[in-house]
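Colleague: 3D model of this:
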Amino acid sequence: MPRHIAIQQGTLYPQPGYSVAVDREGKWTATQIFLCHRTSMLSLMPRPGTPHPDLPFISIDNTTVKVDEGDIAEITCHYAGTENTSWDPSKTTYSLGLSLSEEPLLSHKRFRDLDDDEKEALQAIISGKEKDASGTAYRDKVTSADGQKALEKILRGQTSYYSPKIVWRQSTVRKTSAASSDVQSIGQIDNPSGSQPGLDEGRNWLLNGVTQTQEGSAYRIEREWLASDAGGWDSDIYNF
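Modeller: Below is the predicted model:
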């Protein structure tokens, strides 16, 4: 690496070579090295937010200093930024998450349409009760075929089931931070962008969250949608 023969106090020496990279989302990164006298490193060390000397649209995210022999301080600045001024579909990445979550047995699509009396009786049995206030056995109130099937499972100790969960994520990088338009649909039924998987049985999507992280002068905005179970999200609750 090039070195100055004489390092003067109070002077910062940018070195001629640096590395630059750009990813598929349009986030640029660079590493630039500076030299100075060790007694001047605290005052001369470029701070986060300082633009790159040749690429002004990126700025310092973090800086490290290494002091060499001969009173030379080597300052390494890591820059990041983007030229994206807004959401760009061609520079947006997507990911899909599939998992299972444990749900109450009676929320399964086979049992969710049981009448209220049967549901109440089955819930009581799940909680360990055998009879109601009048002395009637709760199991005698379960008369439908689906109710009997649920009762059979509950009596053998099966009170929950695993439900598949589908999560669709979008990530984009831009110059500006998240605005109200980015978060106004959180907790509401929403249509994701991108080539998300098709849903059947009346399922739909809920905007589950928006996350922002900053690196240099680049902001990564990540959105996450959660697929509903069969029948879709309750529009009385999730559309407002």
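Colleague: so what secondary structure elements neighbour the top strand by length along the chain?
Modeller: In the chain, taking DSSP state E as the definition, the longest strand is strand 160-174. Counting contacts by 3 or more CB pairs under 8 Å, 6 or more residues apart in numbering; DSSP states H and E, strand 160-174 is packed against strand 93-104, strand 218-227. All C-beta atoms are positioned from the backbone trio N, CA, C, and that covers glycine.
Colleague: okay, now the sheet partners of that strand, with direction.
Modeller: With DSSP bridges as the test, strand 160-174 is paired with strand 93-104 (antiparallel), strand 218-227 (antiparallel).
Colleague: quick one: the shortest one to chain centroid distance?
Modeller: Centre-to-centre, strand 218-227 and its host chain are 5 Å apart (CA atoms, centre = their mean, to the nearest Å).
Colleague: next, the buried residues of it.
Modeller: For strand 218-227, a neighbour-count test (16 or more other CB atoms under 10 Å) marks 218, 219, 220, 221, 222, 223, 224, 225, 227 as buried.
Colleague: repeat for stretch 160-174
Modeller: Buried positions in stretch 160-174, judged by neighbour count with 16+ other CB under 10 Å: 161, 163, 166, 167, 168, 169, 170, 171, 172, 173, 174.
Colleague: next up, the contacts around the first one.
Modeller: By CB atoms under 8 Å, 6 or more residues apart in numbering, the residues touching residue 161 are 102, 103, 105, 108.
Colleague: mark which of those are buried, thanks.
Modeller: Neighbour counting with 16+ other CB under 10 Å marks 105, 108 as buried within the contacts of residue 161.
Colleague: from the contacts of residue 161, which is closest to residue 178?
Modeller: Ranked by distance to residue 178 (CB to CB), the contacts of residue 161 are led by residue 103 at 31.5 Å.
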